[in-house]
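*Asks:* sequence first, predicted model second:
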Amino acid sequence: MSVSALSPTRSLGSFSGLLQVAFLLGLVLLLLKAVQLYLHRQWLLKAVREFPSPPSHWLFGHYKEFQEKNELPVIVKWMKKYPSACSRWLWGAKPQLLIYDPDYMKVILGRSDPKDDSIYRLASPWIGYGLLLLNGQPWFKHRRMLTPAFHYDILKPYVGLTANSVRVMLDKWEELSRHSVPMDVSGHISLMTLDSIMKCAFSYPSSLQSDRKSRTYTQAIEDIKNLFYFRKWNFLYHNDFIYSLTSMGRRFFKACELAHEHTDRVIQQRKLRLHDEGELEKIRKKRHLDFLDILLFARSEDGSGLSDKDLRAEVDTFMFEGHDTTASGISWILYALATHPEHQQQCREELQSLLGDGASITWDHMDKMPYTTMCIKEALRLYPPVPGVTRELSSPVTFPDGRSLPKGISVGLSIYCLHHNPNVWPNPEVFDPSRFAPGAARHSHAFLPFSGGSRNCIGKQFAMNEMKVAVALTLLRFELAPDPSRVPILSAKTVLTSENGIHLYLKKLP
């Protein structure tokens, strides 16, 4: 071997050449990726060309507008400008057709398109792949297995259990109302609905409304919802690794851990109790099976039950949906009645005639309060607890007006805008319970507080009963009035809430 072959200069030269080749290769790959992204964006622009949208940034989409402003007023403004639907860009390569027309809703909800996984998967560290996030055959299998949990024979005993939870909350309000100052009722209602779901669905033996651990859980859910919303709009945060390195990501995963501790404790306690009772045989003989019993007994056609992972996902999903969305509904219903005392009084008179002091409210009363039900539905129209859902088109679609979209496009169904669409609801901002009077005509897909189609809310009957019980017992004990100095600021971060709470004056009735 010659001395020149070992020359450091020649070695460095070879290394430098390799670096140049690597750099050029990287540059070519980068240019190819840029071309690919450009062509993809051109395809997306063509795909949604029939649906105009407000100006958006080529990279960030409408991110800036939704970060700087409350989302709801922005999309309501768009709804009034663009008939039936418009495009909104989550970022430069992610358009979403936002629809708020009942004919459009009917088309999408009548199909079997999956949830938009690019968005919904961001919630999987929180609620796993249960009924809310599953698609296709796995969703169908779970839906069929869980449907028996919502049979009216199962739901009947829940009315009394819910009433007990409501009375605990009202006793607390009676003490607080003596100070004659407005109180933020939303936090109390959230604890009450959590207590109710724990008693009804999980046979939890004691009240959670004074348990500090319950407050930890409800606060964790609030944090998760807010963090999920901001993550949805930041495309860099969609990468799990990058997100885990951020302070927001660390807070999100910590809040998920706190929520899981609660649900894991519920599952573990039930499994231990069932084991002590001789596995599951004694529970089988109970007159009343709860949601968790049915999850543990559930079997598919091939005889298989839910795995531990699936069981936890369904418990996490139902724990959230069964308490948080219902709490939102009850809070807004009470606010709507507080701001419309004439309707509040008419409900009260109906309830006094039906229930007296409400001491013995039962399942049989649920269908005998027509005016109160009309007011509840009108409040749910104005303040839908779930303001929107999304789908990803599994095949092309053509809408009744002839406009179409190709496969792969995300469609956002804005339930809030649908309910506030003046072409669907005349004077949509006016609280008018007569819209829901028996025989009142409306489009089959004009009112969707529980979504619609095959993927409608499986627990809608449970939720409606809980709202009726809470409203009835509250109006029988208190007169409600709003705090004019603190008008709620609507926020649509997963569930419709108020950024500054829902403050009401509560006056004990004689």
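*Replies:* Perfect, I can see it now. Numbers count the residues shown, from 1 in each chain.

*Asks:* next, count neighbours for the closest residue to residue 231 other than its chain neighbours.
*Replies:* Nearest residue to residue 231 in three dimensions, chain neighbours excluded: residue 237, at 4.5 Å (CB to CB, 6 or more residues apart in numbering). C-beta coordinates here come from the backbone N, C-alpha and C atoms, glycine included. The number of residues packed near residue 237 is 19, by other CB atoms under 10 Å.

*Asks:* tell me the confidence at residue 237?
*Replies:* pLDDT, residue 237: 93.

*Asks:* and it, how far is that from residue 66?
*Replies:* 14 Å (CB to CB, to the nearest Å).

*Asks:* quick check: next helix or strand after the least confident helix or strand in the chain by mean pLDDT?
*Replies:* Lowest by mean pLDDT, DSSP states H and E among the helices and strands of the chain is helix 281-284, with a mean of 57. Downstream of helix 281-284, the first helix or strand assigned by DSSP states H and E is helix 291-297.

*Asks:* next SSE after that following helix?
*Replies:* helix 308-320.

*Asks:* figure out how far the next helix or strand after that following helix is from the centre of its chain.
*Replies:* Per DSSP H and E, the first helix or strand lying C-terminal to helix 308-320 is helix 326-338. Averaging C-alpha positions (CA atoms, centre = their mean, to the nearest Å) puts helix 326-338 16 Å from its chain's average.

*Asks:* helix 326-338 packs against which elements?
*Replies:* helix 185-202, helix 341-355, helix 370-382, helix 460-477, strand 478-482, strand 495-498, strand 503-508 (3 or more CB pairs under 8 Å, 6 or more residues apart in numbering; DSSP states H and E).

*Asks:* tell me which of those sits most buried.
*Replies:* The highest average neighbour count among the helices and strands packed on helix 326-338, using mean count of other CB atoms under 10 Å, belongs to helix 185-202 at a mean of 25.

*Asks:* mind listing what residue 77 touches?
*Replies:* By CB atoms under 8 Å, 6 or more residues apart in numbering, no residues touch residue 77.

*Asks:* tell me the secondary structure for it?
*Replies:* Counting by DSSP: H, G, I helix; E, B strand; the rest coil, the backbone at residue 77 sits in helix.

*Asks:* how much space between it and residue 419?
*Replies:* Residue 77 is 16 Å from residue 419, by CB to CB.

*Asks:* please apply the same query to residue 215.
*Replies:* On the measure of CB to CB, residue 215 and residue 419 end up 32 Å apart.

*Asks:* these two: which is more packed in?
*Replies:* Higher neighbour count among residue 215 and residue 419: residue 419, with 22 against 16, using other CB under 10 Å.

*Asks:* dump the residue contacts of the more buried one.
*Replies:* Per CB under 8 Å, 6+ apart, neighbours of residue 419: 381, 382, 384, 425, 428, 447, 448, 449.

*Asks:* residues contacting the first one?
*Replies:* Right, the one you point to is residue 381. 419, 425, 435, 447, 449.

*Asks:* just those: which are in helices?
*Replies:* residue 419 (DSSP state H).

*Asks:* closest one of the contacts of residue 381 to residue 194?
*Replies:* Set against residue 194, the nearest of the contacts of residue 381 by CB to CB is residue 449 (20.5 Å).

*Asks:* and the closest one, how many neighbours?
*Replies:* 22.

*Asks:* identify the bridge partners of it.
*Replies:* Listed by DSSP bridges, the beta-bridge partners for residue 449 are residue 451.

*Asks:* before we move on, what about residue 496?
*Replies:* residue 492.

*Asks:* okay, now residue 55: neighbour count?
*Replies:* When counting by other CB under 10 Å, one arrives at 7 neighbours for residue 55.

*Asks:* then it would be within a strand, right?
*Replies:* No - according to three-state DSSP, residue 55 belongs to no strand; its state is coil.

*Asks:* now it, what are its backbone angles?
*Replies:* phi -60, psi 140 (degrees, to the nearest 10).

*Asks:* isn't residue 134 up against residue 142?
*Replies:* Yes - counting by CB atoms under 8 Å, residue 142 is a contact partner of residue 134 at 5.9 Å.

*Asks:* which residues sit in contact with residue 335?
*Replies:* Counting by CB under 8 Å, 6+ apart, residue 335 has contacts 379, 383, 482, 488, 502, 504.

*Asks:* how about 7 Å then?
*Replies:* Counting by CB atoms under 7 Å, 6 or more residues apart in numbering, residue 335 touches 482, 488, 502, 504.

*Asks:* let's have those residues in TSV, adding pLDDT.
*Replies:* Shown next, in TSV, are the contacts of residue 335 (pLDDT from 0 to 100):
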residue	pLDDT
482	98
488	97
502	98
504	98
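
*Asks:* now flag whichever of those is closest to residue 194.
*Replies:* Once CB to CB is applied, the member of the contacts of residue 335 that ends up nearest residue 194 is residue 502, at 17.0 Å.

*Asks:* how much space separates the closest one from residue 186?
*Replies:* For residue 502 relative to residue 186 (CB to CB), the value is 5 Å.

*Asks:* how about residue 118?
*Replies:* 31 Å.

*Asks:* residues touching residue 169, list them.
*Replies:* Contacts of residue 169 (CB under 7 Å, 6+ apart): 188, 192, 209.

*Asks:* tell me the helix or strand right after the lengthiest helix in the chain.
*Replies:* With secondary structure taken from DSSP H, the chain has its longest helix at helix 8-47. Following helix 8-47 in sequence order, the next helix or strand is helix 63-68 (DSSP H and E).

*Asks:* remind me which residues of this structure are low pLDDT?
*Replies:* In the predicted model of the chain, residues 1-13, 15, 68-69, 274-288, 300-301, 303 satisfy pLDDT under 70.

*Asks:* 80 instead?
*Replies:* Where the chain drops to pLDDT under 80, the residues are 1-19, 66-70, 205-207, 211-213, 271-289, 296-305.
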